[in-house]
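S.K.: Quick one, what's the 3D model for this:
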Amino acid sequence: MDNASTLLTFARETLEIELAEAQRLLARLDDNFVRACELLLSCRGKAVISGIGKSGHIGKKIAASLASTGTPAFFLHPAEALHGDLGMIGPDDVMIFISYSGRAKELDLILPLLAESRIPVIAITGGTASPLAQGAACVLDISVEREACPMGLAPTSSAVNTLMIGDALAMALMRQRGFNAEDFARSHPGGSLGARLLNRVHHLMRTGDRLPKVQESADVMAAMLELSRTGLGLVAVCDEQQKVVGVFTDGDLRRWLVQGHKLEDPLSPAITRPGYRLPEQWRAGEALEALHEQHISAAPVVNVEGELVGALNLHDLHQAGIG
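M.R.: The predicted structure follows:
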């Protein structure tokens, strides 16, 4: 067997073992999991996640997942907790302690203090008879029959199980709270997701002198000059009440001239009716999807009465980090 085949075999064996161990987690979702969710849903403070070594690394990810999906949480290193940071835990908090063996030496000092303060502990452990399990309000069993490490030493299958049970908690809590995409975006305002969900069309649209518009009573020449002035690729055509009755685009202009018509002709027969328009209260992400679905690059923006209030194109959305 050559090196490539050997490496692929090792990789497949690792994944097969981890997948098999992860599959066993499904049968362990019981009243303990429900109790853990209830403790976190009723928590008036924060979820404090703690663990050491690989458990600590995964604990940081679990804390981040909880915090971004509606459950306030932070990670506390057990060693730092024993040197002053236990003061970060308040009486309304819930502790999630991760230890595969359930016998981490820091527990001997931390658990009695938590019990004295009546702070409930959720144990994520493979040691269901360990001191951690015995001192916990509920136990999430992540035990494995076999680590993927051929020596059985490096946390592999057990690390995957820990990560998965943390995700199961975060997603169950998120859905039970009714946490939605806009809530998620509020904790991610700096990324493209936040830009898509928090920005509304009226935040990004062109207004004032940058807004291309003509009256329905104008001629084609006036619309062409407005197209050239703004460079948006379309002009919103409005009636006397400033309601959009259609659009006049670069394509409309070319077709009009090819058909032998003149620039001095009335505009009304040359416009596209009713034309596509964007509601001003739509999310920016909705506007982007709509423009793509309509195969257009720009559209006028209207209020609930259908009156012209702005215009938006793909470039405006891309500049805002959307797309």
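
S.K.: Going by C-alpha atoms from here, please, whenever you check contacts or count neighbours.
M.R.: Will do.

S.K.: how does this protein divide into domains?
M.R.: 3-179, 201-319 (automatic domain parsing).

S.K.: what pLDDT does residue 183 get?
M.R.: With respect to pLDDT, residue 183 has a value of 67.

S.K.: And for residue 105?
M.R.: 87.

S.K.: Just say helix, strand or coil for it.
M.R.: When classified by DSSP: H, G, I helix; E, B strand; the rest coil, residue 105 comes out as coil.

S.K.: Neighbours of it, how many?
M.R.: Neighbourhood size, residue 105 [other CA atoms under 10 Å]: 10.

S.K.: Check residue 152 too.
M.R.: So residue 152, with other CA under 10 Å, has 11 neighbours.

S.K.: That one: what's it in contact with?
M.R.: Residue 152 makes contacts with residue 146, as judged by CA atoms under 8 Å, 6 or more residues apart in numbering.

S.K.: if I look at it, how far off is residue 127?
M.R.: Per CA to CA, to the nearest Å, residue 152 is found 16 Å from residue 127.

S.K.: Let me see the ranges of the helices in the chain.
M.R.: Using DSSP state H, the helices of the chain run over 3-25, 31-41, 54-68, 78-81, 107-116, 131-134, 157-177, 181-186, 192-198, 201-204, 220-230, 250-258, 284-294, 314-319.

S.K.: Least confident of those helices, on average?
M.R.: Going by mean pLDDT, the lowest-scoring of the helices of the chain is helix 192-198, which has a mean of 60.

S.K.: would JSON lines of the helices of the chain with distance to residue 241 be doable?
M.R.: JSON lines is the format used below for the helices of the chain (distance: least, CA to CA, whole Å):
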{"stretch": "helix 3-25", "distance to residue 241": "64"}
{"stretch": "helix 31-41", "distance to residue 241": "52"}
{"stretch": "helix 54-68", "distance to residue 241": "46"}
{"stretch": "helix 78-81", "distance to residue 241": "67"}
{"stretch": "helix 107-116", "distance to residue 241": "69"}
{"stretch": "helix 131-134", "distance to residue 241": "72"}
{"stretch": "helix 157-177", "distance to residue 241": "45"}
{"stretch": "helix 181-186", "distance to residue 241": "35"}
{"stretch": "helix 192-198", "distance to residue 241": "31"}
{"stretch": "helix 201-204", "distance to residue 241": "20"}
{"stretch": "helix 220-230", "distance to residue 241": "18"}
{"stretch": "helix 250-258", "distance to residue 241": "24"}
{"stretch": "helix 284-294", "distance to residue 241": "25"}
{"stretch": "helix 314-319", "distance to residue 241": "27"}
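
S.K.: can you list these in CSV and add mean neighbour count and distance to residue 140?
M.R.: Output for those, formatted as CSV (neighbours: other CA atoms under 10 Å; distance: least, CA to CA, whole Å):
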stretch, mean neighbour count, distance to residue 140
helix 3-25, 14, 10
helix 31-41, 17, 6
helix 54-68, 21, 14
helix 78-81, 16, 19
helix 107-116, 14, 17
helix 131-134, 20, 9
helix 157-177, 19, 8
helix 181-186, 16, 26
helix 192-198, 21, 32
helix 201-204, 20, 45
helix 220-230, 18, 62
helix 250-258, 14, 63
helix 284-294, 17, 39
helix 314-319, 15, 45
